[in-house]
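S.K.: let's see this in three dimensions:
(3 chains)
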Amino acid sequence: MTVLMEAVLKTAFPFIVFSAAILAAFGGVLMIVAYTVLAERKGLGWMQGRVGPNRVGPWGLFQPFADLLKFILKEDLVPDKSTKFVYFLAPLVAITCALIPMVLYPFGPRIADPLGWLVPYVADWPTVGPAVSWIAEQAINMPLTIARIDVGVLFILSITSVGVFGIALAGWSSNSKYSLMGGLRSSAQMISYELAMGASIIGVVMLAGTLDLNGIIEAQIRSPFKWFIIPQFIAFVVFLISAFAETNRVPFDLPEAETELVAGFHTEYSALKFALFFMAEYVNMFTVSVLCVTLFLGGWYVPGLGKILEPGSIPYALVSHLAFIGKICFFLFLYIWIRGTLPRFRFDQLMNFGWKFLLPLGIANIIFTILIVYFLNS
Amino acid sequence: MASDVLFYIFAGFAIMCAVSMVYHKNPLYSAISLVGVFIALSCLYVTLAAPFIAVVQILIYAGAIMVLVVFVIMLLNLDEDRRENRLGYLYAVGGGLGLILLAQTFFIFYAVMRAPQQAVNTAETAGKTLSIGQAMYTEYLLPVEIVGVMLLMAIIGGVVMSRRLNQEQIETVVEAEMNLRNQQEEKDDFRIAF
Amino acid sequence: MEPSLASYLALSGILFTIGAVGVIFKRNAIGMFMCIELMLNSVNLTFVAFSRYYADTTGQLFVFMVMAVAACEAAVGLGIIIAFFRNRISVDVDDASLLKN
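M.R.: Numbering: from 1, shown residues only, chains lettered A, B, ... in the order given. Coordinates of the predicted model:
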């Protein structure tokens, strides 16, 4: 009986671990996203000489939960003339495509022996002892990434490019002219800026020689520059600008431009469905920040940390992980900062900027990088 | 076993979406169904140990081509197809032709079936991005160059095709069209008179 | 146990037939365009399946080529559809009868 139990548990172990890891990543990312919303409202208030939300909890710290409760309890309005199936499908597409890239985030370095310190304490216990030592054996060289696939960067790009369907379908199905305009604008904008984004990534991929996110970080550690932002500064600028456009943020928030299109593609959405769109936007911000940090700022790598702490130990992984989150938070703050600073583009300016400035700049960067890599290798 | 189950799930999903694409009269529903087919096929590519092709399938087909198609559908604000029963018998003919085609395809597959029934276990090399890239820029350089030239031609063709006409050209087109309609009307008048 | 090559080929044949029948049934130019994309995809599936079962990368390479051709087709085809819509206010292929007389 116990042998059978053991066999079942050992078979189920990977599934349990993956489920737990996905749940942990999901919870962590959603908490950061919720507090990004609060930070945005506070930060904008601070930049505009206001206080910002300060009523719920100390300094308004419980505001995200109050917002969530409000979204859940509000009446869910469905426009009479909308195309019902597509109307319900659109927010689901948006949130799914925003959350899937989460499995590839490189949260930190490998930990050589994460549970080894626990084994001596529980070795004498009857059932727990062997179980813990077995798990500790499995956990040796544990990566802080849920899935590590060969084509990580392309995977994230492709999933985010499917995310535009959520916005386009929402705009179409609402049967409102503002929504339709928002959906049209967003699909044109996303296709245009995706090209510039891809062009800026190619330079980094050429220097790293891999498409795997962790592989790119390791390549940066090996390279003499440590961070790819130094040899690829043009690519960094192009990537950052197109990332703002891809996530529909100010100054590229034409799909939802409040002053001209009411709220663009989500004009007709309310309650939980609106919350899904809102969440998808902020999770997308997080994803492009992760991509930016990983490609250009060395991901979890802190130069010089390996001399203080031993690489592979738990404190090293913890500090690296915190550095990773810190770098992401810097980019999230940059989003808020720019929202408080810059006005919105006009649509023809947006298109001209994307096609006539960013894309040529990205391609020029590719050619430049090809030449450099060629002459360095020969 | 697991791979078998996955195959049947995704194959069923792909066929369902394909049928729904042909069935729906609204072009936007067709487009959504087609995206479903692409995603199912991409999952099948993953089970066939071709992750690069799977990702590129989503990136190019679902993320670029279908977004363009949806964009055009929204731009032209297309509604349901208006169905005329004028060519009703063609549906029967089409269905019959389809059945014949299916039978033929199966027959060809059956006739030329010399393939190994079990996959060779080379997941380490085949399908890796690196080996595809190497094959692309050494052995198959010429086809890649030709595809590049073709893409350039398509870009230019697309720009020429969809550019806005200037006032003079619009007037020419409208005039030609009006002439044609007048002639048609005269002809119709003539027919009615007799 | 993995599904045999024949099952992938059968799936591809079914998808190809659905696409071909769709081209016959649809009047809408965009619908016909999408059916052609489906046919191209079914061929891609055979390429990848053969590439897996013969352990050869060439099949996957040609999938890439087919995708490039499909992208070209999308650019030019949608351009034609837009130009046609400008002149006829419809995308019904039955309306493309200017050369008929």
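S.K.: from the centroid of chain B, which residue is nearest?
M.R.: B:Leu34 (8.5 Å; Cα atoms, centre = their mean).
S.K.: SS state for it?
M.R.: With DSSP: H, G, I helix; E, B strand; the rest coil as the basis, the three-state label of B:Leu34 is helix.
S.K.: pLDDT-wise, which helix or strand of chain A ranks last?
M.R.: Counting by mean pLDDT, DSSP states H and E, chain A has its least confident helix or strand at helix A:258-261, which shows a mean of 70.
S.K.: show me where chain C dips below the pLDDT cut-off.
M.R.: Residue ranges of chain C with pLDDT under 70: C:1-2, C:96-101.
S.K.: how about the residues of it by chain A?
M.R.: Proximity of chain C to chain A, by Cβ under 8 Å from any Cβ of the partner chain, involves no residues. C-beta here means a position set from N, CA and C on the backbone, and glycine is covered the same way.
S.K.: dump the residue contacts of A:Arg185.
M.R.: By Cβ atoms under 8 Å, 6 or more residues apart in numbering or on different chains, the residues touching A:Arg185 are A:Leu254, A:Pro255, A:Gly264, A:Phe347.
S.K.: and the residue nearest to the centre of chain B, how close does it get to chain A?
M.R.: When Cβ to the nearest Cβ, to the nearest Å is the yardstick, B:Leu34 and chain A sit 12 Å from each other.
S.K.: is it true that that residue touches C:Met34?
M.R.: Yes: in terms of Cβ atoms under 8 Å, B:Leu34 counts as a neighbour of C:Met34; the distance is 5.1 Å.
S.K.: okay, and the common contacts of the two?
M.R.: Taking Cβ under 8 Å, 6+ apart as the contact criterion, the residues that touch both B:Leu34 and C:Met34 are B:Met21.
S.K.: tell me how many other residues surround A:Val250.
M.R.: A count of neighbours around A:Val250, defined by other Cβ atoms under 10 Å in any protein chain shown, yields 18.
S.K.: nope, A:Thr287 is what I meant
M.R.: Applying other Cβ under 10 Å, we find 27 other residues in the vicinity of A:Thr287.
S.K.: so which helix or strand takes in the residue nearest the centre of chain A?
M.R.: Nearest to the centroid of the C-alpha atoms of chain A, with distances taken as Cα atoms, centre = their mean, sits A:Thr287, at 1.2 Å. Assigning secondary structure by DSSP states H and E places A:Thr287 in helix A:271-296.
S.K.: I'd like the next helix or strand past that helix.
M.R.: Scanning onward from helix A:271-296 (DSSP H and E), the first element met is helix A:305-308.
S.K.: run the chain-centre distance for that following helix.
M.R.: With Cα atoms, centre = their mean, to the nearest Å as the basis, the distance from the averaged C-alpha position of helix A:305-308 to the chain average is 28 Å.
S.K.: and the biggest helix by length in chain C, what does it pack onto?
M.R.: Across chain C, the longest stretch assigned as helix under DSSP state H is helix C:58-88. With contacts defined as 3 or more Cβ pairs under 8 Å, 6 or more residues apart in numbering or on different chains; DSSP states H and E, the secondary structure elements packing on helix C:58-88 are helix B:51-56, helix B:66-76, helix B:129-137, helix B:141-162, helix C:29-53.
S.K.: quick one, which of these is packed in tightest?
M.R.: Stretch with highest mean neighbour count among the helices and strands packed on helix C:58-88: helix B:51-56 (a mean of 24; mean count of other Cβ atoms under 10 Å in any protein chain shown).
S.K.: does it reach chain A?
M.R.: Yes: contact between helix B:51-56 and chain A is present through B:Pro51, B:Phe52, B:Val55, B:Val56 (criterion: Cβ under 8 Å from any Cβ).
S.K.: in contact with A:Ser82, which residues?
M.R.: Residues touching A:Ser82, when contacts are defined by Cβ under 8 Å, 6+ apart, comprise A:Ser173, A:Ser174, A:Asn175, A:Glu268.
S.K.: and if we set it to 6 Å?
M.R.: Neighbouring residues of A:Ser82 by Cβ atoms under 6 Å, 6 or more residues apart in numbering or on different chains: A:Ser173, A:Ser174, A:Asn175.
S.K.: put the buried members of the residues you listed into a PyMOL selection.
M.R.: Isolation of the buried members of the contacts of A:Ser82 (16 or more other Cβ atoms under 10 Å in any protein chain shown) is achieved in PyMOL through the command below:
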select buried, chain A and resi 173+174
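S.K.: can you add distance to A:Gly354 and give the contacts of A:Ser82 back as CSV?
M.R.: Conversion of the contacts of A:Ser82 to CSV gives the following (distance: Cβ to Cβ, whole Å):
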residue, distance to A:Gly354
A:Ser173, 27
A:Ser174, 26
A:Asn175, 29
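S.K.: now flag whichever of the contacts of A:Ser82 is closest to chain B.
M.R.: Relative to chain B, the closest of these is A:Ser173; by Cβ to the nearest Cβ it sits at 8.5 Å.
S.K.: ok, the closest one to B:Glu171 distance?
M.R.: In this structure, A:Ser173 and B:Glu171 are 38 Å apart, going by Cβ to Cβ, to the nearest Å.
S.K.: cool, and C:Gly13?
M.R.: As judged by Cβ to Cβ, C:Gly13 and B:Glu171 stand 51 Å apart.
S.K.: cool, A:Phe13 as well?
M.R.: In this view, A:Phe13 and B:Glu171 are 75 Å apart by Cβ to Cβ.
S.K.: and A:Ile156, by the same measure?
M.R.: Remark: distance between A:Ile156 and B:Glu171 (Cβ to Cβ) = 50 Å.
S.K.: ok, A:Gly209 next?
M.R.: Relative to B:Glu171, A:Gly209 is positioned 58 Å away (Cβ to Cβ).
S.K.: just give the nearest non-adjacent residue to the residue in the stretch 151-300 of chain A that chain B sits nearest to, would you?
M.R.: Of all residues in the stretch 151-300 of chain A, A:Ser161 sits closest to chain B, at 3.0 Å by Cβ to the nearest Cβ. The shortest distance from A:Ser161 to any residue other than its chain neighbours is 3.0 Å, reached at B:Gly63 (Cβ to Cβ, 6 or more residues apart in numbering or on different chains).
S.K.: give me the number of neighbouring residues for that neighbour.
M.R.: For B:Gly63, the tally of surrounding residues (other Cβ under 10 Å) stands at 27.
S.K.: just say helix, strand or coil for it.
M.R.: Note that with three-state DSSP, the state of B:Gly63 is helix.
S.K.: state the distance from it to A:Gly198.
M.R.: Taking Cβ to Cβ as the criterion, B:Gly63 is separated from A:Gly198 by 11 Å.
S.K.: just B:Val70 next, same as before
M.R.: Where A:Gly198 is concerned, B:Val70 sits at a distance of 20 Å (Cβ to Cβ).
S.K.: much appreciated, bye for now.
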